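Visitor: Predicted model and sequence follow; I will ask about them next.
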Amino acid sequence: MFVYNAWYMGAWADEIKPQGLLGRVLLDLPVVFYRGEDGKAFALEDRCCHRALPLSHGCVIGDQLQCGYHGLVYDNKGACVKVPGQDRVPAQAKVRSYPVVEQDAMLWIWMGDPALADASLIVRHPWHSDPDWTWVKDRYSIKANYQLITDNLMDLTHVGYVHQRTIGGTPQAHSDADTKTTRSETGVKVTRWMMDSVPPPSYVAAFKFNTPTVDRWMEIDFFPPAAVRIHTGAKDTGTGAREGNRMGGLAFMGLNMQTPETEKTTHYFWSGARTYSVDEPDVRAKLLTSLPVTFAEDKVVVEAQQESIDREGGAPLVMIASDAGLVHARRLVATLLEEEARAREVAGIKPVIPIRPVHDAMQKQEHAS
Ligand code: FES
Ligand SMILES: [Fe+2]
C-alpha cells in the first residue's frame with residue numbers, strides 16, 4: 001500500500017542525459033523517464049501498449065518516445081501518434097503519463113491523480129545549488145520496505161551502535177541526548193542535542209576541533225510520505241551552538257528520499273552537503289569516502305530487519321521511548337493512506353491502476369479482430 005497522491009523523488013536529474021531515457025519501477029509501477037529535445041524531462045508508463053516491451057528499450061526522437069520493438073511512437077502525454085505501416089492509430093493506443101518536476105538537481109514524480117499535482121508541495125533542498133556548500137549523492141537499492149528506512153532516520157539513537165566506525169560517538173551520549181519530538185507544519189521534527197560529547201571518528205577526521213569534546217546537534221525533519229532532511233553538526237563545547245551560534249563548527253545537511261520500488265524494495269536516494277572548506281580538494285574526497293560507508297551501514301541493518309520481519313510474519317514489536325519520531329511519522333503516512341482510500345471510494349476509483357497482463361490485452365485484441 002502506497003500513498004499515490006504525493007511527490008516522490010524518481011531520479012537524480014543527471015541520471016537522465018540529454019535525449020536519454022531511464023526505466024525504473026516506482027510504487028510497483030513501471031516508469032520510463034526521458035528528456036526531450038530542449039532537455040525537459042517527461043515520464044511515461046514503461047510498457048508499450050502493443051506487446052508490452054518496456055519503452056525504456058526504445059529511443060527518444062525529439063519530444064517523443066519510440067518503442068524499440070515495432071516502432072510505435074508516443075508523444076510526451078503518452079498518446080500513440082504513429083504506428084509504422086498503417087495510417088490509423090487505434091484510439092486505445094496510449095500509455096500513462098506522469099507529472100514530473102525538475103528541481104534542486106532532482107526529478108520529482110507524481111504517481112497519483114495528475115489534477116492534484118501541485119509543484120509547490122515538493123520538498124525544497126536549495127543546498128544542492130548553493131556554492132557555499134559542497135555535496136555528494138547516490139542511490140542505493142535497498143531490499144526493505146521504505147518505512148523501515150524512515151524509521152531508521154527518525155530514531156538516531158542507532159548512530160552510537162550502527163555507525164561506530166563513522167559518525168557514531170559513544171552509544172551512551174546518543175541515548176542521553178536531549179531529544180524533543182514535535183509535529184511540524186509539514187510533518188514531524190525531532191531535535192537532539194548531545195552536549196559536551198566525544199566527537200565521532202568521521203568528524204575528527206574531517207575537522208579540527210579545539211576542545212576534546214563538542215556540542216553536537218541533530219535536527220531531523222520528516223516530510224510525508226518518504227523524505228527526511230537531517231541537519232547535523234558539532235562545535236567546540238561551550239561556544240554557543242545551542243544558543244544559535246553555529247558558525248565555526250562542522251555542519252552537514254543530509255537529504256534522504258526513500259522512494260518505494262515495491263513493497264519490499266526501495267530506491268534510497270541520499271545526499272550529504274557540507275558547509276566549510278568547500279575549496280579544499282581533499283574535503284570532497286573525505287565526504288565521498290565517509291558518507292557512502294555510513295549509509296551502507298544502515299543498508300545492512302534495514303535489509304536484515306526486513307528478512308527477520310518476513311520470517312516472523314506479524315510477530316509483535318515492543319515500543320520504547322526513542323520510537324516517538326518514527327511513531328509520529330508512521331501515523332502521518334497511515335492518515336494519508338486512509339484519506340486517499342476514502343477519496344478513491346467516494347470517486348469510485350480502483351485502488352491502483354493495474355499493470356494489464358499481456359495475455360488479457362492479446363485476448364481482447366483477438367476478440368476485437
Ligand atoms: S511492443 Fe512496442 S511496438 Fe510492438
Ligand atoms: Fe544510520
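Guide: Done, it's in. Ligands and ions are numbered 1, 2, ... in the order given.

Visitor: any idea which element Thr191 lies in?
Guide: When elements are assigned from DSSP states H and E, Thr191 belongs to strand 188-197.

Visitor: Quickly run through the sheet partners of that strand, with directions.
Guide: Strand 188-197 has its sheet partners listed here by DSSP bridges as strand 178-183 (antiparallel), strand 214-223 (antiparallel).

Visitor: After it, which helix or strand is next? Please name it.
Guide: Going down the chain from strand 188-197, the next helix or strand is helix 201-206, by DSSP H and E.

Visitor: how far does stretch 131-148 stretch from start to finish?
Guide: Stretch 131-148 has an end-to-end distance of 33 Å (CA to CA, to the nearest Å).

Visitor: Kindly report the same for stretch 24-32.
Guide: End residues of stretch 24-32 are separated by 6 Å (CA to CA).

Visitor: shaky segments in the stretch 1-150 of the chain?
Guide: Low-confidence segments of the stretch 1-150 of the chain (pLDDT under 70): none present.

Visitor: Residues of the stretch 1-150 of the chain that sit close to ligand 1?
Guide: By CB under 6 Å from any ligand atom, the residues of the stretch 1-150 of the chain that approach ligand 1 are Cys48, His50, Arg51, Leu53, Cys67, Tyr69, His70, Gly71, Leu72. For the C-beta atoms, the positions are set from N, CA and C on the backbone; glycine is no exception.

Visitor: which of these are buried?
Guide: Neighbour-count burial (16 or more other CB atoms under 10 Å) applied to those gives Cys48, His50, Leu53, Cys67, Leu72.

Visitor: Can you redo the residues you listed as TSV, where the extra columns are secondary structure?
Guide: Putting these into TSV (DSSP: H, G, I helix; E, B strand; the rest coil) gives the following:
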residue	secondary structure
Cys48	coil
His50	coil
Leu53	coil
Cys67	coil
Leu72	coil
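
Visitor: So which bits of the strand holding Thr191 are buried?
Guide: Within strand 188-197, the residues that qualify as buried by neighbour count (16+ other CB under 10 Å) are Val188, Lys189, Val190, Thr191, Arg192, Trp193, Met194, Met195, Ser197.

Visitor: Now Met195. Nearest residue, chain neighbours left out?
Guide: Computed as CB to CB, 6 or more residues apart in numbering, the closest residue to Met195 that is not its neighbour in sequence is Asp215, at 5.1 Å.

Visitor: The one you found contacts Thr239, correct?
Guide: Yes: under the contact definition of CB atoms under 8 Å, Asp215 touches Thr239, with a separation of 7.3 Å.

Visitor: of those two, who's got more company?
Guide: Set Asp215 next to Thr239 and count neighbours by other CB atoms under 10 Å: Asp215 wins out with 23 against 17.

Visitor: What are the boundaries of the helices in the chain?
Guide: 146-154, 159-162, 171-175, 201-206, 281-312, 324-347, 358-368 (DSSP state H).

Visitor: Which one of those helices lies nearest to Phe222?
Guide: In terms of CB to CB, the element of the helices of the chain nearest to Phe222 is helix 324-347, at 4.6 Å.
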